[in-house]
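quick one, what's the 3D model for this:
(chains A and B)
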Amino acid sequence: MLSAIGTHGPTVSPTALLFLHATLFFIAVWLLIKPQRDGNAWLWPLFLLVAIASISRIAMSFIPNVMPVTILAVMVGSKFGVQRGFAFAVLVTLASNAVLGHGWWSLFQIAGWASVALVASWISVHDENGNLSMTQLAFSALWSVPIFSFIVSLSIIDSGMSAFEFGLYLANGLLFDALHFFGNLFFAMWFGQWFERLLQMNQPTRQLVQQESEHVSAL
Amino acid sequence: MMRVPPILVLLILCIPLAQASTETTWTHEFDAGYITTKPLVIDDAVYVRTSGFWTGSDDRPIVAAFDVYTGEERWSYSSQTSLQHDMSPLLFVESGTGPCGEWDALLLVGWNDGKITAHSPEDGSIIWQNQTEVNLLGITGQMAIENDRIIVPTRTGVASFCLANGVQLLEVDTGNNGWRNGVLITEEGYVIGDESGHLHTIHRNGTLSTTYLGEGKIRHAPIDTRHGLFVHMQTDSGSSLYLNGSLIGSVGGSPAIPLMHEDRIYASTSNEWISMLCGAETCSIESIESFRSNGELNLRTNNSTVEIWAPSNTPEGGWGVFNQTSLIRMEQTPFDTYGTAAPGFSQGVLALGNDAGILQVTHYDSPQKKVDSVDGSIVQTIHYIAILGLFLLLCRSFSVHDWSQMMKIGSAFFLVLAIAVVPELSVNLAEKTATQSEVEWDSSWPDEWKQTQVIVFEIDGKERAIGGLESQDTVYELTLLACQELGIQSQVEQQYLGAYLVAFNESAGDGWEFTIDGKRSPVGMSEAQLGESSIVEWRPV
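Presented below is the predicted three-dimensional model:
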């Protein structure tokens, strides 16, 4: 099924790809339906943000590395925790790559954005009252880039690649990482508050962040 | 409201993308008849002819011109005397001068009643006309231009006429009838086939020499290869492929009109589409695809992309689009049915005609496509203005100590600036950091290869090299040429980012990479430029 590992990763047969997508999708669904104490307050905001992230990623695909997905992964991870953040990463990747193209890299993109959400759940961009901190969000525009970039870059490693060559590959991507950072910063500054309002659209109280943080520690 | 400016900026950056996908289609349905020859797309006009077997009614064959962008009919001309299938493709000739006079641009039409008419492309008016020999039928084959004259395959031989005034300059009767037997111009003279399997060479002084190939019908202009003339002859049991008078293969029946591009001949029959490769020794079939095409084929090249279009002569119709070796897609229209006419192409325009007499023209750019480069510079200008405007706003925010505003403007400014500079900077960086290995001259290579381009393939652990070839501009061109010379089968896909090499000798592995003088290229093979003595190495990843 995974016939070989090369520059672009294994060549995945259509059956294997279908199986992989189905598995990922069910993982995302399981993460979403897993019981929580916060009811369904997160459900529609999450779906809405998945749709926004997927559509904007497709629409902006002609500008490399500029997309609101990373900053949204930060905000979802911070607000709803790593469990929902992981589901967000899976759904956005599956939906947008349906147009942009699936492959070995999809797994690494999911891992990249899920890791960003995971870190965001630790280094929250919300203050103790649950309010969005623009300073923290701007800072997350920076720290999320190396996390995502490094994990996605792992997809190109094969048995013949030396550490030096991988380092060169990472170095060649630094300029695009800078572009990623500026894109993140742009979306954080201009749309951060708007995304936050969407995240809060069904929130009955401000206690949910605390509850979620306690819950996701079991994941 | 503050989100409006950045959204506008991003939308402006989207303009080139939106322009690239603009596509407009119009159709015209003729009242009667088939379209059996390819439409001609010249500048902003499409010229097309109909054919049929006309009895009784007032319907007659038509030649018409349409505006390529709007589909508006500019003119049409109907022959009242040509009553049988008009299969001679239209021929356009630019204005020029020669020993027999001066002529404006002409649309030349050969008719099945033996007439040849030269029309003004502007209004369809007849500039001159003349008559050729008729034996039940008249002109049905592809005509050709030689300097100041048009060479016409007549029913029984060849005639030539002065482009300036239509005066007949030559007429030779071969004694045999021809049908769709286009004419080939060679150094020796004019070559045509006939319905009896003969190949006639009419020398410019009017003398005739004839070769008998075999039992069958030659219904196309022979193709001049470096190994001699290629003929795809229709026979009772199928068809035969002849090269330089020798039989080199037998395939299905009702052959299409073959064509040649670079070192490949493309042919088709009722059973198969055929790609032949002409190597150092001979031409031989390299790949066959199951397909039914019996009329014309046409070729579209775009940068390094080669597409061969073949009308599918089936009830489902459509056009098969092939690369050098295989079918890559079917092009469909809402009106598909039997078809034998090749598509007409020009830059950004595709004209399709079928047996239902329906012409469909699609243009992929706006009518002002010629100003594309101007549009590009406009977008670039707007981009720079956006950078400057955001910078000024940033300065203003700084001056009034509005830090919140400054963060917003600043993020937009740096993003737009980065979008402008990062792609070019990254290419430069990639070139500087590309891994480099020592390129060693292999002592087993002949000295004649020195100071020429050399290409090395490592396929299945074995190295094959060739040098001393004609200098090529890109890795893609050199690779194709070398593969032909070495008999290596290459599979190339034309992808969004350019040509992508899939496999050599059906070995795809994990992919292939090339180096030029030991250095990895930051661009694809169709963009990678070569020097006069570059050494290219292809190795599996």
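
what's the average pLDDT for stretch B:55-64?
What stretch B:55-64 shows for mean pLDDT is 82.

quote the end-to-end distance of it.
For stretch B:55-64, the first-to-last residue distance is 21 Å (C-alpha to C-alpha, to the nearest Å).

which SSE is B:Leu429 in?
helix B:403-433 (DSSP states H and E).

and the helix or strand following that helix, what does it pack against?
Per DSSP H and E, helix B:403-433 leads on to strand B:454-459 as the next helix or strand towards the C-terminus. Here strand B:454-459 touches strand B:462-467, helix B:475-486, strand B:535-540, going by 3 or more C-beta pairs under 8 Å, 6 or more residues apart in numbering or on different chains; DSSP states H and E. For glycine as for every other residue, the C-beta is placed from the backbone atoms N, C-alpha and C.

strand B:454-459 vs helix B:475-486, what angle?
Computed by axes from the mean of the first three to the mean of the last three C-alpha atoms, to 10 degrees, the angle separating strand B:454-459 from helix B:475-486 equals 70 degrees.

how about A:Leu17, nearest residue that isn't a chain neighbour?
Distances taken as C-beta to C-beta, 6 or more residues apart in numbering or on different chains put A:His102 closest to A:Leu17, at 6.2 Å, once the chain neighbours are dropped.

typo on my end, it should be B:Ile42
Closest to B:Ile42 by C-beta to C-beta, 6+ apart is B:Phe92, at 5.2 Å.

which element is that neighbour on?
strand B:91-93.

counting by contacts, list what the next helix or strand after that strand packs against.
Following strand B:91-93 in sequence order, the next helix or strand is strand B:96-98 (DSSP H and E). When contacts are defined as 3+ C-beta pairs under 8 Å, 6+ apart, strand B:96-98 sits against strand B:101-103.

partner strands of the strand it packs on, with direction?
Strand pairing for strand B:101-103, determined by DSSP bridges: strand B:96-98 (antiparallel).

now the residue of the stretch 51-200 of chain B at minimum distance from chain A, what's its secondary structure?
Residue of the stretch 51-200 of chain B nearest chain A, by C-beta to the nearest C-beta: B:Tyr69 (26.7 Å). The three-state label for B:Tyr69, taken from DSSP: H, G, I helix; E, B strand; the rest coil, comes out as coil.

again with B:Thr210
strand.

quick one: it from chain A, how far?
Distance from B:Thr210 to chain A, counting by C-beta to the nearest C-beta, to the nearest Å: 56 Å.

so A:Leu179 is in which element?
helix A:174-199.

pLDDT below threshold where in chain B?
B:1-24, B:56, B:303-304, B:365-377, B:427, B:430-440, B:493-498, B:509-510, B:522 (pLDDT under 70).

pick out the residue nearest the middle of chain B.
B:Arg300 (2.1 Å; C-alpha atoms, centre = their mean).

wait, it sits on B:Gly344?
No - B:Arg300 lies out of contact with B:Gly344 (C-beta atoms under 8 Å); the separation is 10.1 Å.

what's the local residue count around B:Asn354?
B:Asn354 has 25 neighbours, counted by other C-beta atoms under 10 Å in any protein chain shown.

before we move on, back to that, quick one: closest of the helices and strands packed on strand B:454-459 to chain A.
strand B:535-540 (8.8 Å).

and the angle from that closest one to strand B:454-459?
Going by the same axes, to 10 degrees, strand B:535-540 makes 10 degrees with strand B:454-459.

so which residues make contact with strand B:535-540?
For strand B:535-540, the external contacting residues (C-beta atoms under 8 Å, 6 or more residues apart in numbering or on different chains) are B:439, B:453-459, B:475, B:478-479, B:501, B:504, B:507, B:509-518, B:530.

rewinding a little: so which of the helices and strands packed on strand B:454-459 is the most surrounded?
With neighbours taken as mean count of other C-beta atoms under 10 Å in any protein chain shown, the helices and strands packed on strand B:454-459 reach their highest mean count in helix B:475-486, at a mean of 22.

for it, packing partners?
So helix B:475-486, by 3+ C-beta pairs under 8 Å, 6+ apart, packs with strand B:454-459, strand B:462-467, strand B:490-495, strand B:498-504, strand B:512-516, strand B:535-540.

on that earlier part again, verify the stated contact: the residue nearest to A:Leu17 with A:His21.
Yes - judged on C-beta under 8 Å, A:His102 makes contact with A:His21 at a distance of 7.2 Å.

I appreciate the help and will end here.
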